[in-house]
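Asks: Structural data only, the sequence is not supplied:
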């Protein structure tokens, strides 16, 4: 991730945004698409497994997977504010000893991060320009499952992203969003030896789970 996007992430995903998301999480639980991803992953069987949650925000996926029997979770968070709040929330829930949090760009840190059984990227690839590096390194570290929430490849999401990026430009905020082509995402994951076992589309987002060991009809 270039320096401009790093600065943009720190600005966009600020302490105020992290506290707001934590408050909403405590009152209402995970966001709808996050819950859909959790509901797709947990039935695959996570007991005793390890989780790598890339861009996990305040840790909703980590909490759910650990409660379902996972052994441990590693979070890699590009926003320092969200990393701090996520650590505090894990402690608040009594899960601090099971979660290890690292702040930084996953692509830059990946060499030092070992494979995990399950890897998740919830609304992450839409914040990253280099899809080949991000998904390539993430899929290499997914021994069993990889789960994604990312924008649909549609004219309305592309239009929304363009308007959003124009707004960021007017604010002189270097943060940008990206709508990557479905074919590019799917090709990268299949080339890594993964097969899709779950897929659901919402109006803006799509939820997808990929398996290294099983091929299940979609």
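Replies: Received the coordinates, thanks. For clarity, every value in this text was computed on a predicted model and none was experimentally measured.
Asks: Helix, strand, or coil at the most centrally placed residue in the chain?
Replies: Nearest to the geometric centre of the chain sits residue 121, at 2.2 Å (C-alpha atoms, centre = their mean). Using DSSP: H, G, I helix; E, B strand; the rest coil, the three-state assignment for residue 121 comes out as strand.
Asks: How about it: what's its closest non-neighbour residue?
Replies: Spatially, and ignoring its direct neighbours in sequence, residue 121 is nearest to residue 54 (4.9 Å; C-beta to C-beta, 6 or more residues apart in numbering). For the C-beta atoms, the positions are set from N, CA and C on the backbone; glycine is no exception.
Asks: how much space is there between the one you found and residue 143?
Replies: Residue 54 sits 15 Å away from residue 143, going by C-beta to C-beta, to the nearest Å.
Asks: try residue 8
Replies: 32 Å.
Asks: again, but for residue 202
Replies: 28 Å.
Asks: between the two, which one's more packed in?
Replies: When residue 202 and residue 143 are compared for neighbours, residue 143 comes out ahead with 17 against 12, by other C-beta atoms under 10 Å.
Asks: backbone phi and psi for the more buried one, please?
Replies: Torsion angles at residue 143 (phi, psi; degrees, to the nearest 10) stand at phi -80, psi -30.
Asks: ok, it touching residue 211?
Replies: No: counting by C-beta atoms under 8 Å, residue 143 stays clear of residue 211, with 10.5 Å between them.
Asks: List the buried residues for whichever strand or helix holds residue 33?
Replies: Residue 33 is part of helix 32-41 when elements are defined by DSSP states H and E. Under the neighbour-count criterion of 16 or more other C-beta atoms under 10 Å, helix 32-41 has 33, 34, 36, 37, 38, 40, 41 buried.
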